[in-house]
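**Student:** A predicted structure for the sequence below; I have some questions about it.
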Amino acid sequence: MKRITLTAWWLAVALLAVNTLKAEGYRTTLGTAPDDFPVVVVSGTPYEMGLALGTLMKPEIQVFAPQFLAAAQEAKKDACSSAKLDEAWHTMEPFMSERFKEELRGLAEGCGIPLVNMQRVHMVAVVSEYSCSGVALWGSATRNGHLYQIRNLDYSVGAHLQDFPCVVIYVPKEGIAHLNPSFAGSIGCHTGMNAEGITLTEIGDSPGRDKPYDLHGLHFMMMFRDILYSAKSLDQAVQMIQDTKRIKKYHFVVGDGKIPAAVKMKAWAPNLLIWKDNDPKDEMAPHVFPNVVYHAEGRTPTARAHISQYIHGGYDADAVIQLSKAIGTLGGNLMNAVYDGTSQEAWLSYAEKNECAYRRPCVHVNLKDFIPYNSANPKVKVEKTVP
């Protein structure tokens, strides 16, 4: 009897330790309705940050994650069946960082959705195809010499991801603070910026005819999170991409606001081509420019004309926002980001119902307002907290 009682006591202590694990985070809102969005700031270990994010976004995640997964499985019955998504996860899992897996575990616990279902949600993008646009401008192309970078997420507004926006600011105990403009329940990164001024853009090039995709490697959305956590320079970010066993076909634009400079990559796994500005080997040649790299799927002539007009020091944040709007895709422009990697600011817009992001106003986010982590920050109106 004493042994049983002692065992029960130790079990109670262990459970108490689990239940009192602290996850730090708070939630606020930026923008004016209907173009406002939640900003969730989290701090701690990856698991703790995931737990805080899941807790603070629980109402939205509990609606969106099952809805998104069901819609994907209905639209793409073969590619997005539970068995196929589970297979994709297990194929890719050996290439994932423990950091990513621990954050996802915390997210699932915080929002109350089974981990396997959250894994499936994160595999939908892995097995899907889409296209986007990206531009970086700096130095003599801008009025202040800063690095400006665009990322247009071109994805069907019919999927209604825009109904569940979520901008996450991570302030990890180990690693670099970073901004991840995303959607409720997604910890992958389709674009982002860190506190060292590293900016990331992706353009998808994998058509449906390339299926089934070889998934023995790391998806860019997980790789981008690794880069934002760790990269302090353009060279380091580029090296991380070179060292990663990548999958599928993409173009990447990677910038560094401190230098400032950027490069464009044609990352068609396993090959990788890297172009600097004004490079005669760039696939856009001879239409290349000093202090500019760009790739706009289907909107290249529009991008080129706009750049030609403003190239001689004409770009500031407003002009770059107008460039982003000019290359938006009608019916399929879900979310847009414009970064100033030098000042660590961002201007973000999400689609509103069925109206594309390029037709909506941008909301300003200053990464420096949120770091170091401080839930009592007088610059921030805190609406929800995790103690």
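**Tutor:** Looks like it arrived, so ask away. Numbers count the residues shown, from 1 in each chain.
**Student:** what's the model's confidence in stretch 158-177, averaged?
**Tutor:** Mean pLDDT, computed over stretch 158-177, is 95.
**Student:** how long is that stretch from one end to the other?
**Tutor:** For stretch 158-177, the first-to-last residue distance is 33 Å (C-alpha to C-alpha, to the nearest Å).
**Student:** Mind listing what's buried along that stretch?
**Tutor:** For stretch 158-177, the neighbour count (16 or more other C-beta atoms under 10 Å) marks 159-172, 175-177 as buried. Quick note: C-beta positions are derived from backbone N, CA and C, even for glycine.
**Student:** cool, stretch 83-93 as well?
**Tutor:** Within stretch 83-93, the residues that count as buried by 16+ other C-beta under 10 Å are 84-85, 88-89, 91-92.
**Student:** Which single one of the residues you listed is nearest to I371?
**Tutor:** Lowest distance from I371 to the buried residues of stretch 83-93 (C-beta to C-beta) belongs to M92, with 30.6 Å.
**Student:** Can you verify my assumption that the closest one contacts H122?
**Tutor:** No: counting by C-beta atoms under 8 Å, M92 stays clear of H122, with 9.6 Å between them.
**Student:** What does the pLDDT read for the nearest residue to K384 once chain neighbours are set aside?
**Tutor:** Leaving aside its sequence neighbours, K384 sits nearest to R27 (C-beta to C-beta, 6 or more residues apart in numbering; 4.2 Å). On the pLDDT scale, R27 is placed at 98.
**Student:** ok, residues contacting the strand or helix carrying R27?
**Tutor:** Take DSSP states H and E as the rule and R27 turns out to sit in strand 24-30. With contact meaning C-beta atoms under 8 Å, 6 or more residues apart in numbering, strand 24-30 is reached by 36-44, 48-49, 52-53, 55-57, 167, 363-365, 373, 375, 380-387.
**Student:** ditto for stretch 166-174
**Tutor:** Contact with stretch 166-174 is made by 30, 37-46, 49, 53, 57, 60, 177-187, 228-229, 348, 365, 367, 370-373, as judged by C-beta under 8 Å, 6+ apart.
**Student:** In strands, which of those appear?
**Tutor:** Judged by DSSP state E, the contacts of stretch 166-174 include 30, 37-44, 178-183, 348, 365 as members of strands.
**Student:** Would you check how far apart the closest residue to P372 other than its chain neighbours and V42 are?
**Tutor:** Computed as C-beta to C-beta, 6+ apart, the closest residue to P372 that is not its neighbour in sequence is V171, at 6.5 Å. To V42, V171 is 7 Å away according to C-beta to C-beta, to the nearest Å.
**Student:** same check, this time on E60
**Tutor:** 15 Å.
**Student:** Comparing those two, which shows the higher neighbour count?
**Tutor:** More neighbours surround V42 than the other of E60 and V42, with 28 against 18 (other C-beta atoms under 10 Å).
**Student:** Where does pLDDT dip in this protein?
**Tutor:** For the chain, applying pLDDT under 70 flags the ranges 1-21.
**Student:** Which stretches in it count as helices?
**Tutor:** Here the chain has its helices, by DSSP state H, at 2-19, 46-56, 58-75, 82-92, 98-111, 115-127, 220-230, 234-243, 300-310, 317-326.
**Student:** among those, which is the most enclosed?
**Tutor:** Across the helices of the chain, averaging neighbours per residue (mean count of other C-beta atoms under 10 Å) puts helix 46-56 on top, at a mean of 27.
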